[in-house]
Each structure stands twice: as structure tokens, then as C-alpha cells.
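Student: Next comes the sequence, and after it the predicted model I'd like to discuss.
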Amino acid sequence: MKVLVAVKRVIDYNVKVRVKSDHTDVDLANVKMALNPFCEIAVEEAVRLKEAGTASEVVVVSIGPKACQEQIRTALALGADRGIQIETDTMPESLNVAKLLAKVVEAEQPQLVILGKQSIDADNNQTGQMLGALLDLPQGTFASDVKVAGDKVNVTREVDGGLQTLALNLPAIVTTDLRLNEPRYASLPNIMKAKKKPLEVKTPTDLGVELKSHTRLLNVTPPAERQAGIRVSSVDELVDKLKNEAKVLRGG
Amino acid sequence: MSEYKHPLKDTEFVLNEVVGLDDLCHESGFEEINAELASAILTEAGKFGSAVLSPLNVVGDTQGVKLTEKGVEETSGFKQAYRQFAEGGWNSLIADEAFGGQGLPNVLGTAVNEIWQSANLSFGLCPLLTQGAVEAISHHGSDELKQTWLPKMISGEWTGTMNLTEPDAGTDLAAIKTRAVPEEDHYRIIGQKIFITWGDHQMTGNIIHLVLARLPDAPAGVKGISLFVVPKFLLDENGHPGKRNDVHCVSVEHKLGIHGSPTCVMSYGDNEGAIGYLVGEPHKGLSCMFTMMNCARQAVGLQGVAIAERSYQQALAYAKERLQGTNRDGSRFSIIKFPDVRRMLMQMKSSIEAMRCVALVGAASVDRAGRAQDEATRRKALARLELLTPIVKGWCTELAQEVTYLGTQINGGMGFIEETGSAQHYRDARILTIYEGTTGIQALDLVGRKTLLNRGESLAELMTEIEQTVMALEDQATLAAQGRALRKALDAGQAARRWLLDNASSDPSAAGSVSVQFMMLFGYLCGGWLMGHSALRAQTLLGAGKGDPEYLKAKLVTAQFFSEQLLPRTQASLEAIQAGSGSIMALNEDQF
Ligand SMILES: Cc1cc2nc3c(=O)[nH]c(=O)nc-3n(C[C@H](O)[C@H](O)[C@H](O)COP(=O)(O)OP(=O)(O)OC[C@H]3O[C@@H](n4cnc5c(N)ncnc54)[C@H](O)[C@@H]3O)c2cc1C
Ligand SMILES: Cc1cc2nc3c(=O)[nH]c(=O)nc-3n(C[C@H](O)[C@H](O)[C@H](O)COP(=O)(O)OP(=O)(O)OC[C@H]3O[C@@H](n4cnc5c(N)ncnc54)[C@H](O)[C@@H]3O)c2cc1C
């Protein structure tokens, strides 16, 4: 069985995010970029399926400028077999990504597509769902456990009330939650091997997809700075402040 | 507890702009290695160091090691971390491909090693010594020895140790007493070794000791010492660890720092004699050790860079957090605003960046000396390697004392209290000027074998190259002041060299009296040279609109600080050198 994993290049989670001075976007110049943590979990899951003998091949896809090849190489170093980069000038919005991925799925015919539930840059949480709709495939989002059984995959989902387990017919789409697994560290020999694994570059035109903008980014502002705290001298003073200054308590 | 994050940007800058990694790899036949691959490797190693090794650093310090009837039990958590380290293949980085290594350049191995040593110096010593043992067997062992021992030492399944020191033989290895008695195809080793790092532990299925000992017919002194492989467990017919060999750790030392690294008294032959196998020729043990000395000494120099970096990161975080100043409106600000705290931070930062340059340029000379395509380049690189080694070891580890001292100072009272981690870095750094040849020994090596023996030729060649950087700096309006400062330091270097050549033969105490000042002078000169070079590269990159402008501008200021605040130390050293041995040797022993 072939597994396709979509991976995204995002700002490293350790980096303190800054907004550009003209408020048009987050400032990504010269900041450390990394594989989106949820995508890393997706790669790990696919590699584990391969190690268990369930999957025969793991293909990773990333969409973006040439630099996103770095993240494809990272995924290859974690154990994926080959990579596909779809070259775009900027990071396209979710629906475009879903359309491009749908074309890759049609061409590659994987049994399982694994994506992160969201990327930590925009936190949209929609690409997997859109892909499911475009391809009319069953989807199991926010997975904390994935088990392939014959022509089905059992996906345990983290939902508000607890855990829900779905049996999906294959081919299917799964998006990963944080607790699905703990990704490994790439080993040195695998980093060395990764540079020799095949990496194919395609364009949206090759795939017959025209990129369209459906949303417009109007303005980006940083969250308000937290004010320094104060020390209160008594419980009464605290209650008073909560009522009259913070206005989070009522009554009297 | 302080966290560690690898300074990837600076390491990459030094590798690409100062060392010239791509050219080096091309010239030295590492065809498949380039900056991009180096970046991927450093990034992954950085993650592993921060997440796995760094949290265990304080555990090693507080918990230490224990000697029980099982032998030495290492700090809890180390075994699991070591397994992950070995499985990650990190032990195999620069090792020979024929025995399962990755065959990567030494300079890259050195850059990665900085991560392990910063993250956890005590842990990092174990692979560092294994590496030394692997090199000793690779260079001098028979094919059979190599086949038997190397693959599992390179994979990390077994670790290695170096057993030189004895109670009466520390610096002076001529006094070694441990005996080796021939028996069939092997030897029986009998004697005691002290201060053996990672001499015993439970992390792996075997430990391979490299031991210096004397054969029965050995001539007295250094020409009578041979090198042996002595495994903790003898191998059965399938090559698996079987019978326990007669070598045991009989006690572990209590010490100032590196508590997570067991320092063992090793007893050989309490019963029937430990079985050992000769490495290389009889009586040539010490020269075997010499061939790997450059790498081992440079590795300890690098530990100086690494512990300094760790201390800096801790101090910087503290300086940004600690509110200890009050504005007029009553609000408080952090100590990083104070000029004197800035001075300390800049001194740490510029020292570290200069040391990193010197250490990685030294490491690159190992690659060139070993693999350059043409003989002339190889010979030149070998001379440079020999010259830089005592400077990397001596200067970087001495400067690390000052940097970790400042790290503690920035913490104020909290620096003296153990909680912040700063005190541990300060204590851990202290060993670095002692093992692998004390500072005094490095300095003697620099003035003796590396300078007087070749009539100062290696130094002259180095200084011709520094002159080029001086001129390039003087050519740039904005860097001309740095050029002048470097020229002054270079003149001091020339004068010191001349003084040594002129006075060494007439006064037998001269060289030994001035040697440490001499070594420190050339350390600062090399640091200033490579920081000057860094400034030139940063300026060029900024002009071309390449790289991270914030980082590059900071590099220019850091280089300026080095030239203004640290390079002048060369003048003081020169004056001390020119004063000669007079007051140093004048008192008789009773007057002390
Ligand atoms: C924590 C730790 C780990 C160690 N690990 C190992 C190990 O794994 N394997 C191993 O074999 N050894 C190891 N050592 C031993 C270490 O290499 C020696 O301590 C070191 O070589 C110095 O020898 P010494 O202690 O006998 O000091 P000494 O040789 O007695 O030196 C004392 C002082 O005299 C000076 N001095 C000595 N001779 C001269 C000279 N000729 N000229 C000028 N000055 C001189 C020295 O510079 C020093 O300041 C370790 C030591 C420690 C503390
Ligand atoms: C073992 C020990 C025993 C002690 N005993 C006593 C005792 O008996 N009684 C007692 O009252 N106290 C005692 N102290 C406290 C000691 O006097 C303080 O630790 C010391 O005054 C430094 O203050 P701090 O620790 O708050 O450091 P900080 O004031 O936070 O200083 C941190 C760093 O910032 C720098 N800095 C701070 N302010 C400025 C400034 N204005 N300009 C420039 N640089 C600045 C400092 O030089 C230092 O490098 C003790 C401390 C220790 C560790």
C-alpha cells in the first residue's frame, strides 16, 4: 500500500514571531524555518506503517518555493522514500493546496493520505477536509491512533467529548493530532541517504491547476503585550480589583 | 536549569565564510559533502543535543556516578540517551567507511561535536574518548585488530577509553610502570591506571581500553612504552563479549566538575593478569599516541568553546530577565541595560566567536593535512595543523575559564548558587586546562617543537597570511581601525617570535618562562585575524544584500569589540615576554 504525506515549510516553533513593520504579514526574512510539527507526526506515522510492513512506499509532497525542498529532505531523512515538490512563488492558500494535492492523489493513487491537522503558521485546519471533499474520500481528522485493517483504516479521533473511533474505507484521508506519535530524530546515516532519494519538481501548470485567490490578507498585528502584574495585599483588595478594574466579577 | 540551543547561524558562518567548507571538501576529495548537507546534519544534531542531552546535564552534576559491585553505575538517564545517540549513528560521523563510518570531514565532525560538548560535557566525553581509541586502532592496529574492534566501536555498541596516566606518571609518561608480559598470541597486563575517563559504566556491552605499558625487555624512558588493546570482556569464538577480563574499576574520584563523567582508578591484573593485544610495534606506543594527539588536543580545545557557549546562553537569558534597575517612574529594567553587563556579555560573545573560528580552522587543517590532493598543500597544512593545535587547546581552554567566570558574574549572587546552572558551567570548565596536556605543556609545545625546532618558520608563514587580512581591512574605510589594531597585534607577534629566537639558546629558562604568555599572545592574534576576516566577509555579504543583515551587523560589532578590547592584551603579553626569565627564576626555593 502506498502512503502519501503532505508536508509544509513553516516558521520554526522556537522562533519568536515578528510582524512586518507595515503590518502586511509576518516577517519571515532570515528566520529559521522547519517542518510543520503536525506534518512531522504525519511522516512518522507513515514511516511506522512502512516499518510494520503495512505500507510499501511513502511519498511526501510539499508545495511552495524551492526552499521547501529542505523540508522534503527532512521527511526523507525520517524515512520517506521519495519526494515531490510543487513549485509556487509563494505559499498558496488552503483550497489551492487541496486542489494541487488532489491532482497528485489522482496521479499517485495512494491508499492512505496523511496530513497534519493544521500548520502552526496560519492554524487554518482545513486542507485535509477540503481534500476529502474534492476527492470525495472518507476522512478521519485529529487522529490520535491509526490502524490499518484489511481494506479499512480505524482512526481514533480526539473530539471535544473524548475519543471517537471511525472505520474508514480505503483509500482515505487522515489528519494528525499531537498525540498520534512522537516523531523520531533523523539518524545521521538517514540524513546522508536522504540526499540521494528521488525528488521530483512539478508546477501547478503541469498538474492543470490554476491558482486562485479566495481570501485577502488585510492586516497583521501582533497580540497586545502583556502588562506587568501587581501584588495585592489582601483577598479583599483582589476581589475589589476583579470587580471594579478587571470587571470579571459581578454582584455585591 | 539552563536550556541549550545550538548557535547554527554562527557555526554556518564560520564553516562557509571563514573555513570555506565547499572548497575544502572539493580540494580534499569529499565530493558529496557541501554546505547544504552540513546544515541538515547540524540542524538534526542540534535538535538531539537540546532535547535529549541537555536536560541530563544538571542530572549528571547533582547525581554523579556510583561504584557498586556491578562496577560503575552512570547517572540515570545516560544509558537511554547513549542508546539513542548510537542509534542515531552520531558516533560514526568522521569514522572510516570501511568499518561502518560515514567518512565525513573532520571539520564537520568538530562542528557537530561542539553541540554534544555544549549540551552535556560529561556525556560528550564518552564518545570523544571512543573516537580517540578508534583513531589509535585505525592508524596503528593490524588488520585483524581493526576487524575485531573497530566496527562495534564506530557503531557505538562498545565504547573506548585512553589509559595513560598513573600515580607517578602524569605529564611525564616516561615514568609509566604498568607491565605487559607476552603469553601465546597476547599479553598479560598488570598495573594501575588513574584518572581514566569513562573507565567503566553499564551503558554498553563492552569497553575497549587502550593502555600504555612496558614490555619486559623495554628500554627505560619514553622509548620503552607500548600500546595495548584491553577489552573489559574477552570475545568468544563468535566475536561476542564473553568472559570478564581481569581489569576493574576500583574507585571513582570525587571532583570539582564533570560529575557525570566517571573518573576511574583502573586496576589491571589483580588476579591472573588482564589479556591485552599489542597495537603497532613494541616500544612505539608513545609515538602511536602522538599521531592522534593533534585531534585529541583540538577536541579538548573545542570543549572550551562549547562550555563557554553554554555559559553565555545561560548568562544572556539571565541578563534579559533580571530586573535590577529602577527608572524615574519607578518601573524596573533588566541588567542587560547596564554598560558593565554589556561589557561582560560582549566579552563572552566575542571570545566565543573568535574561539569558534580558531577551533574550526584548526579542525579544517586536519582534513587538508590528511587528504589534500597535492603534496605541497598537504605539507603546508600539516605544519599549520601542528602549529594551531597547542593554540586551540591552550588558548581556547584558558579563555573558557574567563568566559565561564563572567557567566557566573553576570548572575550576581545567583551565579554562586547552584540552581541557575551557571556555577556548574564554571566548575565543569575547570578541567579543560588540565587533561590532555596542561596549559603549561601546550605552551612548551608551541615554543619548542612548533617554533624553535623550525627556527620560527611556521609562525612566520602564519603571520604572512595574517598580514594579508591586515591589508584587506586597512583597505576598507569602515574597517581600517580594526586593520590598525590587528597590525599592532601582528607586530607584537613578530617581536615575540624574534625575542624567542634570539634568547632561547643563551638563557635555558627563557622559553619555559615566557611560553604561556607567548601562547596567549598568538591565541589572541589568531582570534583577531579570523574575526577580522569575519568582518570582511560580513561587510561583503551585507553589500551584496546576502544573508541575515541583523546577524551580519552584529558580527561587525563583535569583531570591532574583539579588536578594541581583547587584541590589546597582545601588547601586555609582549612586554611580559620581553622581561624574560629574570624575576620568574630568581628566588631560591626557600624564599617561596
Ligand atoms: C577529570 C580527569 C580526567 C582525566 N582523564 C584521563 C584519561 O581518560 N586518561 C588518562 O590517561 N589520563 C586522564 N587524566 C589525567 C590527566 O591527563 C593528567 O592529570 C594530566 O596529564 C596532568 O598530569 P598530573 O595530574 O600528573 O599533573 P602533573 O604532571 O603532576 O602536573 C602538575 C603541574 O606541573 C606542571 N608540569 C608538569 N610537568 C611539567 C613540565 N615538564 N614542564 C612544565 N610544567 C610541568 C603541570 O603543568 C601542572 O601545572 C584525567 C585527569 C582528570 C583530572
Ligand atoms: C554566598 C552568599 C552570601 C551572601 N551573604 C549576604 C549577607 O550576609 N547579607 C546580605 O545582605 N546579602 C548577602 N548576599 C547577597 C550579595 O551581597 C548579593 O548577591 C550581591 O550584592 C549581588 O546582588 P544580586 O545577587 O542581587 O545580583 P544583581 O544585583 O542582580 O547583579 C547581577 C549582575 O548585574 C550587575 N549589576 C547590577 N546592578 C548594576 C548596576 N547598577 N550597574 C552595573 N551593573 C549592575 C552586577 O554587577 C551583576 O553582574 C550573599 C550572597 C551570596 C551568594
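Tutor: Structure received. Ligands and ions are numbered 1, 2, ... in the order given.

Student: which non-adjacent residue is nearest the residue of the stretch 51-200 of chain A found nearest chain B?
Tutor: Closest residue of the stretch 51-200 of chain A to chain B, Cβ to the nearest Cβ: A:Leu188 (3.7 Å). All C-beta atoms are positioned from the backbone trio N, CA, C, and that covers glycine. Spatial nearest neighbour of A:Leu188, chain neighbours left out: B:Gly89 (3.7 Å); criterion: Cβ to Cβ, 6 or more residues apart in numbering or on different chains.

Student: Could you check how many residues crowd around that neighbour?
Tutor: Using other Cβ atoms under 10 Å in any protein chain shown, B:Gly89 has 21 neighbouring residues.

Student: Tell me who's in contact with the residue of the stretch 51-200 of chain A closest to chain B.
Tutor: Going by Cβ atoms under 8 Å, 6 or more residues apart in numbering or on different chains, A:Leu188 touches B:Ile41, B:Glu44, B:Gly88, B:Gly89, B:Trp90, B:Ser92, B:Leu93, B:Gln102.

Student: doesn't A:Ala186 make contact with the residue nearest to A:Leu188?
Tutor: No - B:Gly89 lies out of contact with A:Ala186 (Cβ atoms under 8 Å); the separation is 9.6 Å.

Student: ok, back up a step: where's the residue of the stretch 51-200 of chain A closest to chain B relative to ligand 1, distance?
Tutor: 25 Å (Cβ to the nearest ligand atom, to the nearest Å).

Student: Next one, pLDDT for the residue nearest to A:Leu188 please.
Tutor: Looking at B:Gly89, its pLDDT reads 96.

Student: low pLDDT regions in the chain?
Tutor: Reading this off chain A. Low-confidence segments of chain A (pLDDT under 70): A:251-252.

Student: The chain in question should be chain B.
Tutor: For chain B, the ranges with pLDDT under 70 are B:1.

Student: Would you point out which residue of it is nearest ligand 1?
Tutor: As assessed by Cβ to the nearest ligand atom, ligand 1 sits closest to B:Gly170 within chain B, at 1.6 Å.

Student: Ramachandran angles for B:Tyr435?
Tutor: Main-chain torsions, B:Tyr435, degrees, to the nearest 10: phi -80, psi 170.

Student: is it true that it touches B:Val300?
Tutor: Yes - shown here, B:Tyr435 and B:Val300 form a contact pair, counting by Cβ under 8 Å, at 6.8 Å.

Student: what does chain B have sitting close to ligand 2?
Tutor: B:322, B:324-325, B:335, B:338, B:340-341, B:409-410, B:412-414, B:416-417 (Cβ under 6 Å from any ligand atom).

Student: Now which of those would you call buried?
Tutor: B:Arg322, B:Ile335, B:Val341, B:Gln409, B:Ile410, B:Gly412, B:Met414 (16 or more other Cβ atoms under 10 Å in any protein chain shown).

Student: Write out the residues of the stretch 301-450 of chain B neighbouring ligand 1.
Tutor: So the stretch 301-450 of chain B meets ligand 1 at B:Ile431, B:Ile434, B:Tyr435, B:Thr438, B:Gly440, B:Ile441, B:Leu444 (Cβ under 6 Å from any ligand atom).

Student: How about chain B?
Tutor: B:162-165, B:170-171, B:195-197, B:255, B:263, B:431, B:434-435, B:438, B:440-441, B:444.

Student: Show me which of those are buried.
Tutor: Here, 16+ other Cβ under 10 Å leaves B:162-165, B:195-197, B:263, B:431, B:435, B:438, B:440-441, B:444 buried among the residues of chain B next to ligand 1.

Student: May I see those residues arranged in CSV, with secondary structure as well?
Tutor: Formatted as CSV, these follow (DSSP: H, G, I helix; E, B strand; the rest coil):
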residue, secondary structure
B:Met162, strand
B:Asn163, strand
B:Leu164, coil
B:Thr165, coil
B:Phe195, strand
B:Ile196, strand
B:Thr197, strand
B:Thr263, strand
B:Ile431, helix
B:Tyr435, coil
B:Thr438, coil
B:Gly440, helix
B:Ile441, helix
B:Leu444, helix
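
Student: Contacts for the strand ranked longest in chain A next, please.
Tutor: In chain A, taking DSSP state E as the definition, the longest strand is strand A:139-149. Residues outside strand A:139-149 that contact it (Cβ under 8 Å, 6+ apart) are A:1, A:45, A:49, A:54, A:112, A:114, A:117, A:128-129, A:131-132, A:153-159, A:163, A:165-168, A:170, A:172-177, A:179-180.

Student: and what of stretch B:171-179?
Tutor: B:164, B:166, B:168-169, B:189-193, B:211-214, B:216, B:220-222, B:225, B:268, B:286, B:437-438, B:441.
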